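# Below are the sequence and a predicted model for it; my questions follow.
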Amino acid sequence: MSPRRAWILLAVLNVVVLLPGTLGLDTPAPWLALGLSVDLLSLAALVAWMARLGLRKAGAALGGLVVLALLVFEIMRLVGVFAMGQDPLLYDLAFLLRHAVVLLMDIGTLWDWLGVVGVCLLPVLLATGAAWAIHRASPTWGDKAPWLSGLAVLVFALSFLGRIHPGATRWPARFILPHMVENLSESVRVYRSVTRTQTQDPYAQMRLQPLSQAPEVRIFIVESYGELAFTEKGSAEPLRAHLRELEAALGEQGWYSLSGRSVAPVSGGRSWIADATLYSGVEVSYESVFQHLKPGFGTNRTLPAVLHDAGYHTVVVEPKDRARPGVELENEFNFDQTVFYADLDWQGPEWGWGLIPDQYTLGWLRENALAPAADRSQPVFLSFHMVASHVPWRSPPPLVADWRTLDQEPLAEDHDKAAKRKAATTKRTPDERTEATRRLGRYKREAGMQHGGQGSVRDETLGAYLQLLHYDLEAIAQHLDHETERPTLVIIMGDHQPPFLSKRMSFSVPVHVLATDPALLREFESRGFQPGLVPPDRGPAELSHQAMFSALIRSLARYDGQPAPQLHTQGVKP
């Protein structure tokens with residue numbers, strides 16, 4: 001290989017390795033893909049010395065393996081940050097692979113599968129080509145081994161100085177290997193810490209005596225309801241306006257409300273990890289931590305366990321969950337009752353990723369889970385992870401006056417036409433029209449809300465996401481119209497930031513706490529939560545997901561006059 005081609009090869013490898021990081025990680029300026037990779041420059045010097053020592057084949061093999069490792073690591077980081085707003089842990093890859101396959105089976109198209117196969121094959125092909133080319137080019141590099149070594153040392157020194165400079169992220173020479181070492185070190189730390197925590201029950205002393213006046217407890221987790229909804233230009237004010245209308249309507253029904261924020265352990269995905277953190281009070285930030293701690297969830301003092309021992313009938317609702325290849329139905333936290341897809345007996349069309357409209361699930365719960373518990377005078381703790389606002393975001397299901405009719409509704413793309421035909425042929429009495437207007441008027445105004453952008457794909461996606469948030473919030477408000485017979489405490493919160501819509505890593509999600517008796521809100525009020533359904537700006541009104549466990553138990557204990565257990569402000573870190 002000619003000297004010119006050898007140097008062209010090095011330049012091409014340099015750009016290929018730096019490109020993933022330039023697209024979304026350390027470097028905000030696209031031109032930095034034309035910078036220098038300290039790792040590759042050091043590799044070229046090492047391969048050159050190996051060629052001078054007669055180790056061309058070994059040098060080529062080493063070069064191919066290093067290029068493969070750098071590419072895989074950078075692509076993995078790019079996908080993790082782009083989809084979940086977080087650097088993935090190398091230790092997590094084996095655990096997350098199954099979830100990725102299941103997600104593709106749920107929502108993936110042929111093009112998605114081809115794209116994944118392409119992303120997997122590309123580093124292998126590039127590394128193989130690099131090994132072959134390095135083998136051909138290394139004699140040429142061998143003559144330049146001292147010069148390459150000196151340049152590598154100089155660039156390394158300048159890059160180190162650049163890393164401590166305020167403009168470090170714009171320095172045109174970048175490291176990748178230190179990030180790999182840091183990731184591996186964190187993987188080892190996580191493994192050691194979770195194996196220690198696995199044998200402990202951090203909330204062994206958490207107790208709540210049976211309450212003399214046991215309120216109903218509801219947690220509604222709105223999928224992907226993150227801080228972005230209140231910070232994105234064009235979406236914040238319509239959402240705040242909708243929340244104010246819901247606040248006024250619920251206030252007329254006897255509800256008091258506070259709002260604040262929670263810091264989730266994950267961003268942009270992995271809802272089951274956010275739920276596990278909420279129920280266990282342990283900060284679960286990685287899939288590997290979740291898998292190590294999962295055997296203890298059913299035996300430790302978790303939120304469902306504490307409430308069960310206090311006399312509650314505990315119900316978890318996961319309407320998407322159904323047994324299929326790669327997925328088993330599990331009750332990790334030993335809820336007394338589970339509500340999965342098959343239990344809901346949904347006969348209608350499939351709506352989005354969640355398949356079943358959340359309004360239908362709420363209506364079914366009211367008649368089939370909550371009413372029987374009320375008949376036996378047993379308080380109910382219900383946790384419902386809602387599914388409508390899960391990616392991919394499409395048109396929301398309709399909100400109807402009678403949830404039982406939802407399985408007769410057409411698919412989303414045909415709904416607008418069907419609604420117009422139905423409106424033209426259906427006559428309602430004045431009372432029915434008043435009831436429909438009262439319940440559905442707010443949602444119909446907000447459902448037409450579009451994000452104020454320039455019509456780009458992202459604007460359309462963001463608009464669909466926001467419509468689904470409005471849908472779920474309105475469906476919950478309608479459901480709460482029926483929850484006024486006995487004291488009730490309700491928590492409405494997000495699980496994590498929505499994926500794909502923002503490159504800015506954020507872990508803050510809104511939390512709304514409602515109660516029919518203001519005494520139930522005192523604990524959250526003491527934590528800085530502000531009146532109303534509009535969350536305040538960042539400040540003292542913020543807890544962590546893992547702290548919600550002890551905050552909720554303290555709220556119930558204070559309401560009943562029992563000694564309040566310790567508030568674990570940051571929960572327990574494994």
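Okay, I see it. Note that the structure is predicted; figures quoted are calculated from it, not measured.

# When you work out contacts or count neighbours from here on, use the C-alpha atoms and nothing else.
OK.

# show me what contacts Q359?
Taking Cα atoms under 8 Å, 6 or more residues apart in numbering as the definition of contact, the neighbours of Q359 are L399, W403, D472, A475, I476.

# Of these - the most surrounded one?
When neighbours are counted as other Cα atoms under 10 Å, the busiest of the contacts of Q359 turns out to be D472, with 26 neighbours.

# that older thread, closest to Q291 among the contacts of Q359?
Checking the contacts of Q359 against Q291 with Cα to Cα, the nearest one is D472 at 30.2 Å.

# Please, where are all the strands along the stretch 101-250 of the chain?
Shown for the stretch 101-250 of the chain, the strands assigned by DSSP state E, counting those that start in this stretch span residues 173-174, 216-222.

# can you tell me which of the ones you listed comes nearest to A69?
Nearest to A69 among those is strand 173-174; the distance by Cα to Cα comes to 15.8 Å.

# ranges for the strands of this structure?
Using DSSP state E, the strands found in the chain span residues 36-37, 173-174, 216-222, 256-263, 313-317, 337-339, 380-385, 488-494, 508-515, 530-531, 542-544.

# centre of the chain versus the fourth one, how much separation?
On the basis of Cα atoms, centre = their mean, to the nearest Å, strand 256-263 is displaced by 19 Å from the centre of the chain it belongs to.

# and what of the fifth one?
Relative to the chain's own centre, strand 313-317 is displaced by 22 Å; criterion: Cα atoms, centre = their mean.

# Pull up the pairing partners for it, direction included.
Sheet pairing for strand 313-317, assigned by DSSP bridges, gives strand 337-339 (parallel), strand 380-385 (parallel).

# Contacts for that strand next, please.
For strand 313-317, the surrounding residues in contact (Cα under 8 Å, 6+ apart) are 304, 307-308, 335-340, 373, 378-385.

# Show the buried residues in these.
Neighbour counting with 16 or more other Cα atoms under 10 Å marks 304, 307-308, 335, 338-340, 378-385 as buried within the contacts of strand 313-317.

# Using pLDDT, spot the least trustworthy of those residues.
Looking at pLDDT alone, the buried ones among the contacts of strand 313-317 dip lowest at Q378, where the score is 83.

# And the helices in the stretch 101-250 of the chain, which stretches?
Under the criterion DSSP state H, counting those that start in this stretch, helices of the stretch 101-250 of the chain are mapped to 110-142, 145-163, 177-197, 228-231, 236-252.

# deepest of those, which one?
helix 228-231 (a mean of 19; mean count of other Cα atoms under 10 Å).

# one step back: and the two most separated of the contacts of Q359?
Greatest spacing in the contacts of Q359, by Cα to Cα: W403 and D472 (13.8 Å).

# show me the contacts for T277.
Under the criterion of Cα under 8 Å, 6+ apart, the neighbours of T277 are P265, E283, V284, H545, Q546.

# Now the third one: phi and psi?
Spelled out, it's V284. Dihedral angles phi and psi of V284 (degrees, to the nearest 10) take the values phi -100, psi 100.

# Would you check that it makes contact with I273?
Yes. In this structure, V284 is within contact of I273 by Cα atoms under 8 Å, at 6.1 Å.

# Touching both of these two, which residues are there?
Taking Cα under 8 Å, 6+ apart as the contact criterion, the common neighbours of V284 and I273 are P265, F290.

# between those two, which one's more packed in?
Under the criterion of other Cα under 10 Å, the comparison of V284 against I273 puts V284 first, with 28 against 23.

# The spatially closest residue to the more buried one that is not a sequence neighbour and L307, how far apart?
Counting by Cα to Cα, 6 or more residues apart in numbering, V284 lies nearest to T277, which is 5.5 Å off, once chain neighbours are set aside. In this structure, T277 and L307 are 16 Å apart, going by Cα to Cα, to the nearest Å.

# looking at the contacts of T277, which has the most residues close by?
With neighbours defined as other Cα under 10 Å, the most crowded of the contacts of T277 is H545; it has 31 neighbours.

# so that one makes contact with V263?
Yes. Taking Cα under 8 Å as the contact criterion, H545 and V263 are neighbours in contact, 5.8 Å apart.

# re the thing from before, which one of the strands of the stretch 101-250 of the chain has the poorest average confidence?
strand 173-174 has the lowest average pLDDT among those, namely a mean of 73.

# chain center to it, what's the gap?
Between the centre of strand 173-174 and the centre of its chain there are 31 Å (Cα atoms, centre = their mean).

# For that strand, name the packing helices and strands.
strand 36-37, helix 145-163 (3 or more Cα pairs under 8 Å, 6 or more residues apart in numbering; DSSP states H and E).

# Partner strands of it, with direction?
When sheet partners are counted by DSSP bridges, strand 173-174 sits next to strand 36-37 (parallel).

# right, and Y256 touches L514 too?
Yes. Counting by Cα under 8 Å, Y256 touches L514, with 5.5 Å between them.

# When these two are compared, which one has more neighbours?
Neighbour tally, Y256 and L514, criterion other Cα under 10 Å: the higher count belongs to L514, 27 against 23.

# Let me see the contact set for the more buried one.
Residues in contact with L514 (Cα under 8 Å, 6+ apart) are W255, Y256, S257, L258, L489, V490, I491, L521.

# Might you list the low-confidence residue ranges for the stretch 451-574 of the chain?
Counting by pLDDT under 70, the stretch 451-574 of the chain has low-confidence residues at 451-458, 483-484, 502-505, 538-541, 570-574.

# What ranges does it have for its helices?
457-480, 522-526, 547-560.

# possible to save those as TSV with distance to L567?
TSV is the format used below for the helices of the stretch 451-574 of the chain (distance: least, Cα to Cα, whole Å):
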stretch	distance to L567
helix 457-480	28
helix 522-526	10
helix 547-560	5
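
# Tell me who's in contact with S555.
Under the criterion of Cα under 8 Å, 6+ apart, the contact partners of S555 comprise L520, L521, R522, E523, F524, A564.

# W111: which of these is nearest?
Within the contacts of S555, the smallest distance to W111 is 47.3 Å, found for F524 (Cα to Cα).

# what about that closest one, how many residues close to it?
Using other Cα under 10 Å, F524 has 22 other residues around it.

# okay but E350 is in contact with D358, surely?
No. Between E350 and D358 no contact is recorded; they are 11.9 Å apart, counting by Cα under 8 Å.

# between these two, which one's more packed in?
Neighbours of E350 and D358, each counted by other Cα under 10 Å, are more numerous for D358; the result is 25 against 16.

# quick one: low-confidence ranges for the stretch 201-350 of the chain?
324-327.

# where does F529 fall, phi/psi-wise?
Note on F529: backbone dihedrals following degrees, to the nearest 10 are phi -60, psi 140.

# So what's the residue count around it?
Per other Cα under 10 Å, the neighbour tally for F529 reads 26.

# repeat for Q213
Q213 is surrounded by 12 other residues when neighbours are defined as other Cα under 10 Å.

# Would you mind saying which of the strands paired with strand 313-317 lies nearest L126?
Distances from L126 to each of the strands paired with strand 313-317 were compared using Cα to Cα; the shortest belongs to strand 380-385, at 42.4 Å.

# what angle do that closest one and strand 488-494 make?
On the basis of axes from the mean of the first three to the mean of the last three Cα atoms, to 10 degrees, strand 380-385 is oriented at 10 degrees to strand 488-494.

# what does strand 380-385 contact?
For strand 380-385, the surrounding residues in contact (Cα under 8 Å, 6+ apart) are 216-223, 304, 307, 312-318, 370, 373.

# just the buried members of those?
When neighbours are counted using 16+ other Cα under 10 Å, the contacts of strand 380-385 contain these buried positions: 216-223, 304, 307, 312-318, 370.
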